[in-house]
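A.B. asks: Attaching a predicted model along with its sequence, questions to come.
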Amino acid sequence: MSDFALPAPDLAPLLLGARLIVRGAGGIITETEAYTPDDPASHSFPGQTRRNASMFGPAGHAYVYRIYGLHWCLNVVGLPGHAVLIRALEPTEGLAQMQARRRRPDRLTTGPGMLAEALGITGQDDGRPFGTADFTLHLSPPGNWLTGPRIGITKAADWPRRYGLPGSAHLSRRF
DNA sequence: ACTCTGATGTACT
DNA sequence: GTACATCAGAGTA
């Protein structure tokens, strides 16, 4: 979808409020982070590799990678080399499914690793296009949003490229 | 509330 | 060998 063919800093706030449903489980996206090719913290910064290939693929597809050898993280691809990390959402569908997958059902989706686990996302979803029956992402752009420094990175950590829905109770951290 | 640590795959030097 | 877009559990307070 060309809706998604945008620079990550434009796509990231647009994805707030969007409804993400993966195989019957999901909810409303509350927190995102933008990564661009000129960003030292971005996987696309060194250029294309096997791992980040889908980050250079079509817009509106998923980029899923493994982090710390343990967890999966879900991104939405924008322009080539641009991606938006989905960090948190408000669970609305498939609650029982998500609770069964999570070790801590009190924190279902308030962090990228938890979110991927709750939604059952793995490396098999890398490169998958959004917009099929089992993999939907319906945009619903918010009127306003918060920005702040990103989380869990060391390079360019102060770039204000974390975005969140104001007042949401489902954020990985307060802004 | 906070700080520390173990778990562990993949990409990179 | 080292770094990493993390999480859970244990410890201190």
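C.D. replies: Perfect, I can see it now.
A.B. asks: Near DNA strand B, which residues of chain A are found?
C.D. replies: Within chain A, the positions lying close to DNA strand B (Cβ under 7 Å from any atom of the strand) are A:46, A:49-51, A:66-70. From N, CA and C alone the C-beta is placed, and that goes for glycine too.
A.B. asks: Residue A:12: helix or strand, and which one exactly?
C.D. replies: helix A:8-15 (DSSP states H and E).
A.B. asks: what about the next helix or strand after that helix, distance to the chain center?
C.D. replies: Going down the chain from helix A:8-15, the next helix or strand is strand A:19-22, by DSSP H and E. Distance of strand A:19-22 from its chain centroid, counting by Cα atoms, centre = their mean, to the nearest Å, is 11 Å.
A.B. asks: got the buried residues for strand A:19-22?
C.D. replies: Within strand A:19-22, the residues scored as buried using 16 or more other Cβ atoms under 10 Å are A:19-22.
A.B. asks: For that strand, which strands pair with it and how are they oriented?
C.D. replies: Sheet pairing of strand A:19-22 (DSSP bridges) gives strand A:25-35 (antiparallel), strand A:135-138 (antiparallel).
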